[in-house]
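Asker: Structure for the following, please:
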Amino acid sequence: MRRRVVITGLGAVTPVGNDVQSVWDAVREGRSGIGPITRFDASKFPTTFAAEVKGFDFESLVDDPAAFESAGPNIRFAVAAAQQAIRESGLLDDPAHAPDPTRFGVYLGAGEGQQNFPTFMQMVAEAQASGDLDLAKFSELGLERLDAKFELEQEPNMPAAHLSALFDAQGPNLNCLTACAASSQAIGEATEIIRRGDADVMLSGGAHSMIHPFGLTGFNLLTSLSTRNNDPQAASRPFDADRDGFVLGEGAGMVVLEELSRAKARGAEILGEVLGYGSSADAYRITDIHPEGRGAVACITGALQDAEMNRDQVDYVNAHGTSTQVNDRTETAAIKQALGDSAAKTPVSSTKSMMGHLIAAAGSVEAILCLLAIRDGVLPPTINYSTPDPQCDLDYVPNAARDGRVQRTLSNSFGFGGQNVSLILGRFTG
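Answerer: Residues are numbered from 1 along each chain as shown. As a prediction, the model looks like this:
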């Protein structure tokens, strides 16, 4: 028999709150965290707004802030969310029940850090002052001006490295960066590590920030961002007929995953159980979803099979729901195909309508919201929903949260490149 995996700790830093309870309060109330970009002058971009983390005081959260002076926002968000999750779990409170460090691992879906954009562009300007770019001059300036520690901290493995050092997690240590599916995939793969007996505890989730000039440029070039600059808070409108793209967000979500008998033995409060994990690839195009949603259908179906569930047993779907024309239409069709007749009566919502798209960190934060929906019997809303789209015809919990008994949830994450992940999270029943 495979080992059961439960969740004993949660942590989150998002555009709508810097801890789990404040995030949940904002989501239940349908509050938006989207506004004009303040990190840099975005006035010349087609999109001038994003969902930034606000009021985040990292220095008050760590014993030695100087150790993170070269760390970017992604690492700082990861550390803050992980500390919340570890604290709630009580994992390290009692030395008698502390995990064997060699069987305590970290698996993240964390994105890359941020470049020193002003210095980089100054180097480019000076290296091409006479016309063509002088690569020798550019290299010389780089060696003079770039900071080695800052460059190191950009690497996407560094959040996992920091967390393993903070918590003495000497077991499996991995990071995947499958775009928007990354942190959901990390949770799924971390679950598999525990199931097969390679670890007893895994700290998992994701962290990312692409709210910088390169990130905004890239997504604008892909024409995937909303350009509703006159009304940013209404810009993320998943499944609405007038949607025009997603909103760039940032943050982190972390969960403590633990083998069931171990969690019980130390008297941990069990917040939920990972019941199913499905992963697939469209194998189609880099930036386009397969028009029939074959990858999405495959990962939803795979998660149901892994959980040994019937498709009518899903009580709530936290959709990928990006607010792009193609994603929302295709995801709707995929949910209908995977869940069959039960799709019509299954509530579906997109919390990206409030906090934007956290890219690599999106899936882990959305998984946390699924667990809170189970705990409190509250279905998160899809805000900014005003004009139905005939091709998006499910129950999207429009504009206001709704009470409802929730036992099992499905959380979808679909990434550029065609990677797809579905997680099924359930109430722990003993």
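
Asker: pretty sure Gly171 contacts Gly105?
Answerer: Yes. Judged on C-beta atoms under 8 Å, Gly171 makes contact with Gly105 at a distance of 3.4 Å. Using the backbone N, CA and C atoms, a C-beta is placed for each residue, glycine as well.

Asker: Name the residues contacting each of those two.
Answerer: 198-199, 201-202 (C-beta atoms under 8 Å, 6 or more residues apart in numbering).

Asker: which of those are buried?
Answerer: Among the shared contacts of Gly171 and Gly105, the ones that count as buried by 16 or more other C-beta atoms under 10 Å are 199, 201-202.

Asker: Closest one of the residues you listed to Gly415?
Answerer: Among those, Met202 lies closest to Gly415 (C-beta to C-beta), at 21.2 Å.

Asker: For the biggest helix by length in the chain, which helices and strands make contact with it?
Answerer: Longest helix in the chain by number of residues (criterion: DSSP state H): helix 73-89. Identification of packing neighbours for helix 73-89 by 3 or more C-beta pairs under 8 Å, 6 or more residues apart in numbering; DSSP states H and E yields strand 5-13, helix 158-167, strand 201-209, strand 250-259.

Asker: Quick one: mean pLDDT for the second one?
Answerer: Averaged over helix 158-167, pLDDT sits at 97.

Asker: Could you list the residues in contact with it?
Answerer: Residues outside helix 158-167 that contact it (C-beta under 8 Å, 6+ apart) are 68, 71, 74-75, 78-79, 82-83, 86, 92, 104-108, 110, 113, 152, 169-170, 173-175, 203, 207.

Asker: what separates the next helix-or-strand element following that helix from the chain centre, distance-wise?
Answerer: The first helix or strand that comes after helix 158-167 along the chain, using DSSP states H and E, is strand 173-175. Centroid separation for strand 173-175 versus its chain: 16 Å, with C-alpha atoms, centre = their mean, to the nearest Å.

Asker: Remind me what strand 173-175 packs against, helices and strands.
Answerer: Strand 173-175 is packed against strand 104-108, helix 158-167, helix 182-195, with contacts defined by 3+ C-beta pairs under 8 Å, 6+ apart.

Asker: That strand pairs with which strands, parallel or anti?
Answerer: Counting by DSSP bridges, the strands paired with strand 173-175 are strand 104-108 (parallel).

Asker: From the shared contacts of Gly171 and Gly105, pick the one nearest Asp132.
Answerer: Met202 (50.4 Å).

Asker: so what's Ile37 up against?
Answerer: Going by C-beta under 8 Å, 6+ apart, Ile37 touches 48-50, 52, 211, 216.

Asker: Now intersect the residues you listed with the helices, please.
Answerer: Per DSSP H, helices hold the following members of these: Leu216.

Asker: so which of the contacts of Ile37 is the most crowded?
Answerer: With neighbours taken as other C-beta atoms under 10 Å, the top of the contacts of Ile37 is Ala50, carrying 30 neighbours.

Asker: is it true that it touches Gly356?
Answerer: Yes. Between Ala50 and Gly356 there is a contact at 6.6 Å, judged by C-beta under 8 Å.

Asker: Identify the contacts common to those two.
Answerer: Joint contacts of Ala50 and Gly356 (C-beta under 8 Å, 6+ apart) are 34, 247-249.

Asker: Farthest pair within these?
Answerer: Pairwise distances across the shared contacts of Ala50 and Gly356 (C-beta to C-beta) peak at 9.4 Å, for the pair Ile34 and Leu248.

Asker: Tell me which of the helices and strands packed on helix 73-89 is the most buried.
Answerer: Of the helices and strands packed on helix 73-89, the one with the most neighbours on average (mean count of other C-beta atoms under 10 Å) is strand 201-209, at a mean of 34.

Asker: And the longest helix of the chain, what's buried?
Answerer: By neighbour count with 16+ other C-beta under 10 Å, helix 73-89 contains the buried residues 73-86, 88-89.

Asker: next one: stretch 328-346
Answerer: Buried, per 16+ other C-beta under 10 Å, within stretch 328-346: 328-339, 343, 346.

Asker: if we look at it, which residues are touching it?
Answerer: With contact meaning C-beta under 8 Å, 6+ apart, stretch 328-346 is reached by 238-239, 243, 289-293, 296-297, 300-301, 304, 311-312, 314-317, 319-322, 348, 350, 389, 391-395, 412, 414.

Asker: Helices - which of the residues you listed land there?
Answerer: Using DSSP H, the subset of the contacts of stretch 328-346 located in helices is 296-297, 300-301, 304.

Asker: Quick check on the residues you listed: which are buried?
Answerer: 296-297, 300-301, 304.

Asker: Report the buried residues of stretch 419-430.
Answerer: Residues 419-428 are the ones in stretch 419-430 that count as buried (16+ other C-beta under 10 Å).

Asker: Oh, that last question was meant for stretch 395-403, not what I typed.
Answerer: So, applying 16+ other C-beta under 10 Å, buried residues of stretch 395-403: 395-398, 401.

Asker: Domain parsing of the chain, as residue ranges.
Answerer: Following automatic domain parsing, the chain resolves into domains at 5-114+154-426, 117-150.

Asker: anything in contact with each of Ile34 and Leu248?
Answerer: Joint contacts of Ile34 and Leu248 (C-beta under 8 Å, 6+ apart) are 50-51, 356.

Asker: TSV please, covering those and showing pLDDT and distance to Tyr385.
Answerer: Shown next, in TSV, are the shared contacts of Ile34 and Leu248 (pLDDT from 0 to 100; distance: C-beta to C-beta, whole Å):
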residue	pLDDT	distance to Tyr385
Ala50	98	21
Ala51	98	18
Gly356	98	16
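
Asker: and of those residues, the nearest to Phe138?
Answerer: Closest to Phe138 out of these is Ala50 (29.6 Å), distances taken as C-beta to C-beta.

Asker: Which among the contacts of stretch 328-346 count as buried?
Answerer: Of the contacts of stretch 328-346, these count as buried by 16+ other C-beta under 10 Å: 238-239, 243, 289-290, 293, 296-297, 300-301, 304, 311, 314-317, 319-322, 348, 350, 389, 392, 394-395, 412, 414.

Asker: re earlier: lowest average pLDDT across the domains of the chain?
Answerer: domain 117-150 (a mean of 92).

Asker: That one: which residues count as buried?
Answerer: For domain 117-150, by 16+ other C-beta under 10 Å, it's 120, 123, 127, 141, 150.

Asker: which one of the residues you listed sits closest to Leu275?
Answerer: Distances from Leu275 to the buried residues of domain 117-150, taken by C-beta to C-beta, are shortest for Phe150, at 41.4 Å.

Asker: Show me how far the helix or strand hosting the closest one is from its chain's centre.
Answerer: Here Phe150 sits within helix 148-153, counting by DSSP H and E. What separates the centre of helix 148-153 from the centre of its chain is 24 Å, taken as C-alpha atoms, centre = their mean.
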